[in-house]
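Visitor: The sequence isn't on hand, but the structure is:
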């Protein structure tokens, strides 16, 4: 759905998607692999995660403030929050796989085999998160494009402004 907005509002509508992309690129695609290569252990995975969660918290706070702004701005912050939920699902899946791997390695007697198994499970465990990051990068580039062309998905507009959508379709509420 097209929403007419001023250029300043269009710029504000792009902000949540730009912040999301920076989060994905900086913390997930650059910092996490670098931390793994440097081999700083668990902290190498926890630092990007905590920084990413901080950005998510800021986005939640900012989305609540955007409810008083133009509809285009508000809806694009809501769209970004919805996509952060998908990223959180990726975190949860990865955490479950890593926890199961950790528990599996506790049952092993030999120390070197335990280390090998933990390394293998760690590499396998991050795959769901990596896939989510790439999918979300694609979705966010699409969201950035939609914000620039002053569009929002119809389902999102219908969720927050159902009465206005019915009026636009010629449906009488009486």
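Guide: Nice, thanks for sending it over. Since this is a predicted model, take the numbers as computed values, not measurements.
Visitor: From now on I want contacts and neighbour counts done on CA atoms only, so please keep to that.
Guide: Noted.
Visitor: Make sure residue 81 is actually in contact with residue 59.
Guide: Yes: the pair residue 81 and residue 59 qualifies as a contact (Cα atoms under 8 Å) at a distance of 7.2 Å.
Visitor: So for residue 42, what's the pLDDT?
Guide: Predicted confidence (pLDDT) for residue 42: 68.
Visitor: what does the one 4 residues further on give?
Guide: Per-residue confidence (pLDDT) for residue 46: 82.
Visitor: Which helix or strand lies directly C-terminal to the helix or strand hosting it?
Guide: Counting by DSSP states H and E, the element that carries residue 46 is helix 42-66. As assigned by DSSP H and E, the chain's next helix or strand after helix 42-66 is helix 71-106.
Visitor: which other residues reach the helix or strand following that next one?
Guide: Sequence order places helix 111-125 as the next helix or strand after helix 71-106, per DSSP H and E. Residues outside helix 111-125 that contact it (Cα atoms under 8 Å, 6 or more residues apart in numbering): 94, 95, 97, 98, 101, 102, 105, 106, 108.
Visitor: Run the chain-centre distance for helix 111-125.
Guide: Distance, stretch centre to chain centre, for helix 111-125: 28 Å (Cα atoms, centre = their mean, to the nearest Å).
Visitor: All set, thanks.
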